[in-house]
Every structure is written in structure tokens, then in C-alpha cells.
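J.: Requesting a structural model of the entry that follows:
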Amino acid sequence: QVRTLRWDLAFGATVTASGATIWIGSELLRPGRAGALPQVHPDAVDSSVRDALVSGDTGTATTLSNVTWFPFVPLAALELNALAEAHDGALGNVGQDTLLIAEAGVIAADVTQLSKLLVGRERPSVHALAPDEKLRAPRHADNNLSFFSGHTSEAFALSPPARWRDPRDRWAALAWIVGGAAAATTAYLRIAADRHWLTDVLVGAVVGAGIGFAVPFLSTRPATTRSISAAAPLRVRYVPAFAFAW
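T.: Next up, the predicted model:
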């Protein structure tokens, strides 16, 4: 069944701007979590995966995870989206698509921030320190903001695919491959950087992918109730942003 865009510019812009404002305001609450007691502790699986995957150079892993998270993932999503629109002769939709991508990213960031502030899970790099060393750790205001991974949730919210459509289409397949690989790489690097546990990135991936699907899907509507003939090739009209994680 063909789906077309149901777009309200004022609503989309308001959601995106409000979400960004909420995220900025929530940053003021982060320092208060540094001295709080962690609420969730790692299990044996988290600990064993951390021991197996943590890098000997966590600084480089952190830098690489920041690069894949931003700017690579959002730029890839935007570029693949624009190429797909150009291929379809619909470049006029790029602005709407871009705002939907931003909307998905902002919602993922807000949901992640809320979880971090409420849960208060200790980061693996901090968990390994002696109690008297924890408040002397670099960026100690982030000590207990491990759950769940924002890099991962936002990467999965923004990346695969840039437009929700027939998965057999080559542009959708390319978006799935590039975006999914970049988001998964970001998740791995957050563990290698000793910034997150395995369960942090797994939950981040599920939440981000869910938001990345929901935002564009709920922004479309069926163009017809008539089912496409089995003899006709299945095709979903281009719609924006499947979504991109911390």
C-alpha cells in the first residue's frame, strides 16, 4: 500500500525546537548526578564484554566514536536522502525530510537524557576506580550517566535508511547498509572507549531504531486503501528519515 507524506511544518518545527530546548535545559542537571549513588550495577555479561572489548587506547576510541556519531551519521543520512529524492525527481522534499531527521534525533536525545538522569548508572571507566578516585575522574559530572548510550540511540535514530520505502529498492538498501554499519560501529566504539556497558548500547540501539522508524512512519498516511496487486512490483513512495546515538 502506497504511503504519502502527511506534513505539518509548524508542528514539526515546534517539536524539534522544543526538544532541543529541553535537552539544553537538562544539561544543567547533569552535574548533580556526579555524587549520586549509582542505581544500576553491571551484571556478569556486561563485565565480561567490557573486559573483552575495552581498548588499550580509550582516548582514540572515544574520538572515533564521536566522529562516527557526529558528523558522519547525520551527514550520511542527509546525503543519502537527498540522492534518493534526486533519483525520484523530488528534490523539493529534501527540506521536509531534513526536518524529520532532526526531529527523530532530538526526540532520541531527550529520551536518552531522561533515562541517564533517572537511572544514574555508573560508567565502566568509573566503576573500575577506587571510591576516593571517582570524583577526581575527568568529566566526573558524567560519572553516573551510563544508561543508556546517547551516541548509539541517536546514531540508530538518524541513520538507516534515510527514507522509509520498499526495502528492495537499491537506495533503501544502501541507506540500511551504510547507516546501520555506522551506527553499529559507534556502539562498539562506545564500549571500546570504556564509556558504556554492553546493555547501554543494546538498549540505545533499540530505542533509537524505534524512534527512527516511528517519526517518519507516523508522519505518513496511506494514499489509498486499495492493496497493490500481487502481480505489480511492491513499492513504497519515498518518505523521509528512518533515523541516528551518545
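J.: what about stretch 209-224, distance to the chain center?
T.: Centroid separation for stretch 209-224 versus its chain: 16 Å, with CA atoms, centre = their mean, to the nearest Å.
J.: quick one: buried residues of it?
T.: Under the neighbour-count criterion of 16 or more other CB atoms under 10 Å, stretch 209-224 has 209-213, 215-216, 219-220 buried. For the C-beta atoms, the positions are set from N, CA and C on the backbone; glycine is no exception.
J.: got it, and stretch 53-73?
T.: 53-54, 58, 61-62, 64-66, 68-70, 72-73.
J.: again with stretch 112-125
T.: Result for stretch 112-125 [16+ other CB under 10 Å]: buried residues 112-113, 115-117, 119-125.
J.: Same check on stretch 71-88?
T.: By neighbour count on 16+ other CB under 10 Å, the buried set for stretch 71-88 is 72-74, 76-78, 80-82, 84-85.
J.: from those, which single one is nearest Ala175?
T.: In terms of CB to CB, no member of the buried residues of stretch 71-88 lies closer to Ala175 than Leu80, at 4.7 Å.
J.: Please, which helix or strand holds that closest one?
T.: Leu80 belongs to helix 73-87 when assigned by DSSP states H and E.
J.: Turn the buried residues of stretch 71-88 into a markdown table, columns for distance to Ala102.
T.: Converted to a markdown table, these look like this (distance: CB to CB, whole Å):
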| residue | distance to Ala102 |
| --- | --- |
| Phe72 | 16 |
| Val73 | 13 |
| Pro74 | 9 |
| Ala76 | 15 |
| Ala77 | 10 |
| Leu78 | 10 |
| Leu80 | 15 |
| Asn81 | 12 |
| Ala82 | 14 |
| Ala84 | 17 |
| Glu85 | 16 |
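J.: still on that earlier bit, output the contacting helices and strands for the helix holding Leu80.
T.: helix 94-119, helix 150-158, helix 170-192 (3 or more CB pairs under 8 Å, 6 or more residues apart in numbering; DSSP states H and E).
J.: got those as CSV, with distance to Asp43 columns?
T.: Putting those into CSV (distance: least, CB to CB, whole Å) gives the following:
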stretch, distance to Asp43
helix 94-119, 15
helix 150-158, 19
helix 170-192, 15
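J.: Quickly, which of those helices bottoms out on average pLDDT?
T.: Lowest mean pLDDT of the helices and strands packed on helix 73-87: helix 170-192, a mean of 88.
J.: I'd like the next helix or strand past it.
T.: With DSSP H and E, the next secondary element past helix 170-192 is helix 198-218.
J.: and that next one, C-alpha only, in CSV?
T.: Below are the C-alpha coordinates for helix 198-218, written out as CSV (Å, rounded to 0.1, in the frame of the first residue of the first chain):
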residue,chain,number,x,y,z
LEU,A,198,27.0,-3.7,26.5
THR,A,199,23.4,-3.3,27.8
ASP,A,200,23.8,0.5,27.5
VAL,A,201,24.4,0.2,23.7
LEU,A,202,21.9,-2.5,23.2
VAL,A,203,19.1,-0.5,24.8
GLY,A,204,20.3,2.6,23.0
ALA,A,205,20.1,0.8,19.6
VAL,A,206,16.5,-0.5,20.2
VAL,A,207,15.3,2.9,21.5
GLY,A,208,16.9,4.8,18.7
ALA,A,209,15.8,2.5,15.9
GLY,A,210,12.2,2.6,17.3
ILE,A,211,12.2,6.4,17.3
GLY,A,212,13.8,6.5,13.9
PHE,A,213,11.1,4.3,12.5
ALA,A,214,8.1,5.9,14.4
VAL,A,215,8.8,9.5,13.5
PRO,A,216,8.6,9.1,9.6
PHE,A,217,6.0,6.4,9.8
LEU,A,218,3.6,8.5,11.8
